[in-house]
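*Asks:* fold the stuff below for me.
(one chain, ligands or ions: 1)
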Amino acid sequence: MRNPFDAPGQWYKANLHTHTTASDGSATVQERIEQYRARGYSALAITDHDVVSDAAGLSTESFLVIDGTELSIKPFGDDRFMDLLCINVSSDHALPEDTDMNRVIAQMKAQGAECFIAHPFWSGNTIRELAPLEGYAGIEVFNSGCEVIGKGYSSVHWDELLNAGIRTCAIAVDDVHNYDGQFEQFRGWTMLKMPELSLPAVVEALRTGCYYSSCGPEILDFRITGGVTSLRCRAAREIHLVTDYVWGASFYADAADLLTELHALRGVEVSFQHADDGYLLSEVQADLGQECKHVRAEIVDAEGKRAWSNPLFFRE
Ligand SMILES: [Zn+2]
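*Replies:* The predicted structure is shown next:
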């Protein structure tokens with residue numbers, strides 16, 4: 001895995017889960033491209049249900065369109081399913097009809113795709129069902145479409161996987177269909193750190209976890225240096241350092257205050273420093289517990305919107 005805050009290049013905003021009229025979306029591929037380009041995105045994966053749209057030819061120098069698909073697989077012998085989001089899929093290949101998740105992931109990866117477990121909370125997927133999966137790049141920690149029934153956030157599923165020692169990353173996505181207006185669009189995105197805007201760079205960033213995910217907040221830096229966990233972000237109301245099991249640390253701004261910088265040192269007391277330039281408001285040192293294996297950052301801004309770093313590991 002690669003820490004995006006150590007990687008060279010620049011940030012590119014991407015929506016990796018998009019439906020069009022090729023399946024059950026309300027807009028054409030070209031309309032989707034225009035919608036996301038107008039909102040400042042650099043990359044869009046078209047992921048219609050069980051079909052590949054063959055849209056990559058619509059890319060320009062400043063906007064990358066990626067062919068993908070969302071496979072609905074029924075691996076449990078009943079009507080329940082697991083959805084697999086596949087990014088970088090060629091329409092030249094037949095999509096697998098297998099019901100074994102690991103075989104499907106392996107087949108898609110062999111075609112060059114990176115796979116994500118879509119909306120595990122919404123699908124009702126349990127840790128027992130998720131833990132045996134292999135070869136996928138991550139899960140969706142946020143899916144705006146699933147907010148229609150209040151099940152957009154899958155961070156507990158993510159933490160269960162990490163607690164089990166499974167090094168999993170997570171993306172935030174729109175899963176836009178648009179039949180209910182705009183509520184599911186421009187709500188969750190993935191910030192990819194890449195040397196250039198290209199399909200190989202996107203695939204590499206997804207494969208190595210070289211990104212963070214957001215519904216609003218911007219993360220500026222997140223790293224472990226000599227046991228000290230440091231985080232810098234745009235003004236935030238809450239900063240959570242989420243680790244394995246019962247360890248970790250949370251910081252809440254005063255009602256009129258916002259946090260933007262934090263340093264967490266295992267074994268050291270918490271301290272705060274505040275500046276008042278509206279950008280670097282605080283600095284924190286916290287005891288994360290000596291037994292922590294990993295830490296991920298979760299940030300909440302003044303409007304209640306969240307951002308998620310990928311996990312860092314204390315012992316590589
Ligand atoms: Zn979908």
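*Asks:* where does the stretch 201-316 of the chain dip in pLDDT?
*Replies:* Along the stretch 201-316 of the chain, segments meeting pLDDT under 70 span 254-287, 289-290, 316.
*Asks:* residue of it nearest the ion, please.
*Replies:* The stretch 201-316 of the chain approaches the ion most closely through S213 (16.3 Å), counting by C-beta to the ion. (Each C-beta comes from the backbone N, C-alpha and C, glycine too.)
*Asks:* contacts for the helix or strand containing that residue, please.
*Replies:* Following DSSP states H and E, one finds S213 within strand 211-214. Outside strand 211-214, the residues within contact range by C-beta atoms under 8 Å, 6 or more residues apart in numbering are 4, 141-142, 169-172, 188-193, 205, 219, 222, 305-310.
*Asks:* ok, how many other residues are close to the residue of the stretch 201-316 of the chain closest to the ion?
*Replies:* If you count neighbours by other C-beta atoms under 10 Å, S213 ends up with 25.
*Asks:* direction included, what does the strand holding S213 pair against?
*Replies:* Using DSSP bridges, strand 211-214 pairs in its sheet with strand 189-194 (antiparallel), strand 306-308 (antiparallel).
*Asks:* okay if I get those as JSON lines plus distance to N163 and mean neighbour count?
*Replies:* What follows is these, written out as JSON lines (distance: least, C-beta to C-beta, whole Å; neighbours: other C-beta atoms under 10 Å):
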{"stretch": "strand 189-194", "distance to N163": "23", "mean neighbour count": "25"}
{"stretch": "strand 306-308", "distance to N163": "16", "mean neighbour count": "25"}
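*Asks:* now whatever residue of the chain ends up closest to the ion, what are its backbone angles?
*Replies:* For the chain, the residue closest to the ion is D175, as judged by C-beta to the ion, at 4.3 Å. When read as degrees, to the nearest 10, the backbone of D175 gives phi 50, psi 50.
*Asks:* can you pull the pLDDT of it?
*Replies:* On pLDDT, D175 comes in at 94.
*Asks:* tally of neighbours for it?
*Replies:* Neighbours of D175 using other C-beta under 10 Å come to 30.
*Asks:* ok, now S155?
*Replies:* For S155, using other C-beta under 10 Å, the count is 18.
*Asks:* from F81, how far off is it?
*Replies:* Distance, S155 to F81, by C-beta to C-beta, to the nearest Å: 21 Å.
*Asks:* on that earlier part again, and the residue of the chain closest to the ion, what does it touch?
*Replies:* 17-19, 118-119, 140, 143-146, 184.
*Asks:* what is the burial count for D6?
*Replies:* 11.
*Asks:* my guess is it contacts R223, does it?
*Replies:* Yes. The criterion here is C-beta atoms under 8 Å, and D6 meets it with R223 at 6.8 Å.
*Asks:* out of the strands paired with strand 211-214, the one nearest G227 is which?
*Replies:* strand 306-308 (22.5 Å; C-beta to C-beta).
*Asks:* hmm, who's touching that closest one?
*Replies:* Against strand 306-308 from outside (C-beta under 8 Å, 6+ apart): 141-142, 153, 155, 170, 172, 212-219, 233, 296-301.
*Asks:* those in strands, which ones?
*Replies:* 141-142, 170, 172, 212-214, 219, 233, 296-300 (DSSP state E).
*Asks:* ok and the host helix or strand of L85 relative to strand 169-173, angle-wise?
*Replies:* Under the criterion of DSSP H and E, L85 resides in strand 82-87. Between the axis of strand 82-87 and that of strand 169-173 there is an angle of 90 degrees, by axes from the mean of the first three to the mean of the last three C-alpha atoms, to 10 degrees.
*Asks:* how about the helix or strand containing R223: buried residues?
*Replies:* Element membership for R223, per DSSP H and E: strand 219-225. Judged by neighbour count using 16 or more other C-beta atoms under 10 Å, the buried positions of strand 219-225 are 219, 222, 224.
*Asks:* next one: it to chain centre, how far?
*Replies:* Relative to its chain's centre, strand 219-225 lies at 17 Å (C-alpha atoms, centre = their mean, to the nearest Å).
*Asks:* how is E204 assigned, secondary-structure-wise?
*Replies:* helix (DSSP: H, G, I helix; E, B strand; the rest coil).
*Asks:* for this structure, which residues are neighbours of the ion?
*Replies:* Within the chain, the positions lying close to the ion (C-beta under 5 Å from the ion) are 70, 175.
*Asks:* can you list the domains in the chain?
*Replies:* 10-214, 219-313 (automatic domain parsing).
*Asks:* looking at those domains, which is buried most?
*Replies:* Neighbour counts (mean count of other C-beta atoms under 10 Å) averaged over each of those peak at domain 10-214, with a mean of 19.
*Asks:* ends of it, what's the gap?
*Replies:* Between the opening and closing residues of domain 10-214 there is a gap of 16 Å (C-alpha to C-alpha, to the nearest Å).
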